[in-house]
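Asks: Sequence and predicted structure below; questions after.
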Amino acid sequence: MLPAMASSGSQQTVIDVEALIVGGGLVGLTLASALAGAGLPVAVVDRADPATTVAPEFDGRATAVANGSVRLLRGIGLWDAVAPHASAINDIRVSDGDSLLFLHYDHREIGDEPLGQIIENRHLRVAMLDHVRGLEALEFLAPMEITEITRGANGVVADLADGRRIRARLLLACDGRNSGIREAAGIGVTRLPYNQTSIVCAVFHDRPHNNVAHERFLPGGPFAILPMADVDGRHRSAIVWSDRSELTPAVMALDEASFVREMAPRFGDILGELELAGPRWSHPLALSHAQTYIGQRLALVGDAAHAIHPIAGQGLNMGIRDIAALAEVIIDARRLGRDIGTPDLLADYERWRRFDNMVLAVVTDVITRLFSNDVAPLRTVRSLGLGTVNRVPPLRRTFMRHATGTVGDLPRLVRGEAL
Amino acid sequence: MAAPAENPKETRSIDPDELEKFRAMAEEWWDPDGKFRPLHKFNPVRLQYIRDQACAHFDRDPASLTPFAGLTVLDVGCGGGLLCEPLARLGADVTGIDAVARNIEIASIHSEASGLSIDYRLATVEELAGENRQFDLVLNMEVVEHVADVNGFLAACGAALDDSGLMFFSTLNRTAKAFALAIVGGEYILRWLPRGTHDWRKFVRPSELTRGLAGGGIGVTELTGVTYSPLTDQWSLNPRDLDVNYMGTGIKAR
C-alpha cells in the first residue's frame, strides 16, 4: 500500500491509511512524524485550526524536554528546527522552603549532554507543523471534525464532517487529558486531584540564568524557574508556580506589577529585577491514569493515557517515551508485513509503558504530597532526604538519569538510534 | 481415496482425512486467541525469517515497508492467508493456493476486509504446474507433513520456482522429541491444536526433505530449527536444534 492513497468511490472519497491519529498537538504530531517518517501511511485529524495554535496567545507555556526526548526529536528530524529556540538545562538546584540544604544536579556528573532543554510549546508546534507538511506518507486534516468513528475486528472507519471517510488499521488517541476517544471507548480513569493550580508564565530578568533550573518546594506547592532562550538580548525564564487552588484566582486577578511583587519573594534575588514577558495561564492539577492504554484497534498515547503533577517536568516526556515505544512496536511489526492493529502488538506497547508511567505518577505524587506542606517533622525528614541524596553521588546520579529520561528498557529512538 | 465433499480429484497430493480436519478448523483461522493461536504466535518468527532471507537473496532493504515490491509469491497450502496477507503488505504480488475450498473462501473474505489484493485459488501445487508459471518466492510452510506423496509434492513446488527464485519450507522432524513436544505436548497436554491434527509418522526428517527437494531440482541452502520457550511464550530461531520444528530455504540447482 502506498502512502495515503485516496480512492474515489461512487459516492464517497475514502482515504486509506494504516494509522489514524486523532489530535494534532505535540504528542499527535510527534507520533505522526515518527511513523510517517518511517514510511507508514498516517492521517492526523485535529479539530483546532493550526493557524491559531501557533499564535503566541494560544499557548504561552514552555515545556521541559528531557535529554532522552531530545534524542527522539533529533532522530525523527524535528530537532534542527527547534534547537535555535531551545535553552539547555545544565544544572538543577532543588531547595526546600527557606532551608539552606539543597540538592544540586550538575550535568557534568553523568556526561557531556545537558540534562534537558526548555522550549516554548509554540516553537515546537511551528517546527512540527512545518515538518509534517513535508512528509509524503502523512495526511494532515485540520481544522476537521470527525462525526463518527467505528472500530471493528477488521479495521477502523472514521467519517469526517466534509463527507470524506478515513479507513485505518489502528486508531491512536492523542487527544489530550480529556480524551473523547478514551471516553467513547469506555476506558476508565483513576483520578486524584491535588487541590493545587499551576500558574504558568514567562518573565524577563536582569541577570543571566546561566542555564540553571530552580525548583523550590514551598508549602503551597512547588515553584519552578526554568531557563529559556534569550529574546532580543533579554534574559528570560519560564515559571511554573503551583499553589493552593483557593489562592490562585486572586493571584491571577492581580495587575502585572502586583503579580510580579507577589512572585518576587518566591523567586529570590538571584536573577535581579523581574518583568512579566507574556500572558499568564492557570490550570488545576490532577493525577490521572487510564485503566488500560489499549482497546480493539485502539491505543491511548500521552496525556490521553496519563497526566501527572508538573513537579518533575515529566509530562510531555512521558508522552514522548510512549511515542518511542509505540512507534518501535508498530514499525517493527509493519516491517514484517503484520497488521499494526493486532492485539498482541498493542499489548506489547501497554506492557512496555504502563508500568513505567505508573511508577513515575506515584513518585511525583508522593513527592508533591510530601513537600506541599509546612509540617515541621516532615520538613526535617525532607531536608535530611535531600541532603542525603546530595551527599551520596551514586544516588544523585541515579536521580539525574531519571530526570533526563534515560533509565530502563529504552526504545531505540530514546537511545538516539534510528527507528 | 475417501473423497472430500468438493472437487475430489485423483491427482490431489492432500490426504483426504487431513483435508477434513482442516475444514472443521478453517473458521478459526483469524482469531488470534482461537484454535490457531499457536500459528499466530509462530507467525512473526516465520515472517522474520522469510523477510530476512528474501531481502538478502534479492538485495532488498529490510527496513523498508515494501521490500518485496515487484516480487511474485506462491504460498502453497495458504490456509486462511496468515502468510499471504503480510507478504502482500510487504509489496509482493501474492498467489495463495489451498486444496480446501473453505480456507480459500475465508482467506478471500479476510483479505478484502484488510484492503489487500491477493489471488486466492482452490488448487493444489500439482494442478498449478500445468500453468507452467514460475514465482520469485515459493512458500511451502507447514504443509509437507500433511501430504500423501511428499516427493511428488516437492517436485511440483520446485517446478513453480523461478530459476533465480527462493523456496521456503518448514515442517516437523520425525524424532522422539517431536512426538513428545508436538503431539503429546501440543495436542494432548497444552491442547494448542485438536488431537489428531498431526500424524507423527508423516513428519519429515531434514535428510528426507533435502532428498525430496533435490529430486525436484532444488538445492537446500539454509536450515534452522525453531524452538518454543514456555517461559516467555515465544518462538525463536535456533540453528542448533532441528529436532522438532525446522525451516529452511532452497534455490534451483544449476
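Replies: Perfect, I can see it now.

Asks: So in that sheet, which strands flank the strand or helix carrying residue B:121, and in what orientation?
Replies: Element membership for residue B:121, per DSSP states H and E: strand B:119-122. Counting by DSSP bridges, the strands paired with strand B:119-122 are strand B:93-98 (parallel).

Asks: now the strands for the stretch 151-254 of chain B?
Replies: For the stretch 151-254 of chain B, the strands defined by DSSP state E, counting those that start in this stretch occupy B:161-172, B:218-229, B:234-238, B:245-252.

Asks: what comes up buried for stretch A:103-116?
Replies: Buried residues in stretch A:103-116, defined by neighbour count with 16 or more other CB atoms under 10 Å in any protein chain shown: A:103, A:105, A:107, A:110, A:113-116. Where you see a C-beta, it was placed from the backbone N, CA and C, and this is true even at glycine.

Asks: Nearest to chain B among the residues you listed?
Replies: Set against chain B, the nearest of the buried residues of stretch A:103-116 by CB to the nearest CB is residue A:113 (26.7 Å).

Asks: Next, the closest residue to the closest one other than its chain neighbours: phi, psi?
Replies: Nearest non-adjacent residue to residue A:113, counting by CB to CB, 6 or more residues apart in numbering or on different chains: residue A:67, 5.4 Å away. Per-residue torsions, residue A:67: phi -60, psi -40 (degrees, to the nearest 10).

Asks: Give me the pLDDT value at residue A:67.
Replies: With respect to pLDDT, residue A:67 has a value of 89.

Asks: measure it to residue B:32 for me?
Replies: 38 Å (CB to CB, to the nearest Å).

Asks: same deal with residue B:39?
Replies: 10 Å.

Asks: Point out the residues in the stretch 1-150 of chain B that sit beside chain A.
Replies: By CB under 8 Å from any CB of the partner chain, the residues of the stretch 1-150 of chain B that approach chain A are B:32-33, B:40, B:43-44, B:47-48, B:51, B:62-66, B:85-90, B:110, B:113-115.

Asks: Now that we have these, which of them are buried?
Replies: Listed as buried from these are B:40, B:43-44, B:47-48, B:51, B:65-66, B:85-90, B:110, B:114-115; burial here means 16+ other CB under 10 Å.

Asks: so residue A:361, which of the three states?
Replies: helix (DSSP: H, G, I helix; E, B strand; the rest coil).

Asks: correct me, but it touches residue A:289?
Replies: Yes: at 5.7 Å, residue A:361 and residue A:289 qualify as touching, with contact defined as CB atoms under 8 Å.

Asks: Which neighbours do the two have in common?
Replies: Jointly contacting residue A:361 and residue A:289 under the rule CB atoms under 8 Å, 6 or more residues apart in numbering or on different chains are residue A:306.

Asks: if we can go back for a sec, not counting the strand holding residue B:121 itself, show me its contacts.
Replies: B:7, B:78, B:81, B:84, B:93-101, B:104, B:107-108, B:111, B:128.

Asks: out of these, which are buried?
Replies: For the contacts of strand B:119-122, buried by 16+ other CB under 10 Å: B:78, B:81, B:84, B:93-101, B:104, B:107-108, B:111, B:128.

Asks: Report the mean per-residue pLDDT for the host helix or strand of residue A:368.
Replies: Element membership for residue A:368 (DSSP H and E) is helix A:343-371. Averaging pLDDT along helix A:343-371 yields 84.

Asks: Buried ones in that helix, by neighbour count?
Replies: A:345-346, A:348-350, A:352-354, A:356-357, A:360-361, A:364-365, A:367-368, A:370-371.

Asks: So which other helices or strands are in contact with it?
Replies: In terms of contacts (3 or more CB pairs under 8 Å, 6 or more residues apart in numbering or on different chains; DSSP states H and E), helix A:343-371 is packed against strand A:189-205, strand A:221-231, strand A:281-290, strand A:294-295, strand A:298-300, helix A:315-334, helix A:376-391.

Asks: Alright, that wraps it up for me.
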